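Q: model the structure of this input:
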Amino acid sequence: MTRPNYVDLCCLGPGETTVGLKAVVAQELDVNILTPSGFQALPGLEVQRHEIARIFYDSGGVPHAVRDMVQLYIWKKGEAKMWKQNFYVSTDDAPDSHHQCHVILGTQCIVGRVRDEKGLPIAVTQLGPQSASDKASQEQRKRDKEAALAKKEQERRDREKQQASQKK
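A: Just a heads-up that it's a prediction; the model follows:
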């Protein structure tokens, strides 16, 4: 039996608050499931009610009883790409390894896919330190641009004054 793959997620909760969630990626489960602890961590969710309960089985034969559905905006912790995903709400209170998590990600959920270690993060969050010469040249370019803009602005004002005096 393979060890479960755990993922730290963030979710946009009610009131646009960021909520940290612990997820497990289930092999051969086609749907995403919000566990009872995940549902409690996100109070005030807009729930799409369904009349009939359904049961989904993961690759280990573990049944997951679900009924209602919610839509969540989720992303991997430390990454910038957000995904809108549907989650069935679990009705099962039986304690098993999946209920130590807030969500169970199905195989269709791109957020749960393992990324290549050589892959680059989606967004650069910090630039490397700048050398003194790079900083000085950047400041010089900034001053040159400001001087050029000031010169153009002065030329525009002079033109407007000249046109105004010609109209009189």
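
Q: what's the mean pLDDT across the helix ranked longest in the chain?
A: Criterion DSSP state H: the longest helix present in the chain is helix 132-167. Mean pLDDT, helix 132-167: 91.

Q: for this structure, which segments are assigned as strands?
A: Under the criterion DSSP state E, the chain carries strands at the ranges 5-12, 18-25, 33-34, 54-57, 63-76, 83-90, 103-105.

Q: of these, give the one that comes closest to Gln140.
A: strand 63-76 (39.5 Å; C-beta to C-beta). (Each C-beta comes from the backbone N, C-alpha and C, glycine too.)

Q: from the contact counts, what lies against the closest one?
A: The contact analysis (3 or more C-beta pairs under 8 Å, 6 or more residues apart in numbering; DSSP states H and E) places strand 63-76 against strand 5-12, strand 33-34, strand 54-57, strand 83-90.

Q: that one vs strand 83-90, what angle?
A: Angular relation of strand 63-76 and strand 83-90 on a 0 to 180 degree scale: 150 degrees, by axes from the mean of the first three to the mean of the last three C-alpha atoms, to 10 degrees.

Q: got the buried residues for strand 63-76?
A: For strand 63-76, a neighbour-count test (16 or more other C-beta atoms under 10 Å) marks 64, 66, 68-70, 72, 74-76 as buried.

Q: Val19 reaches Gly44, doesn't it?
A: No: with contact defined as C-beta atoms under 8 Å, Val19 does not reach Gly44; the gap is 11.2 Å.
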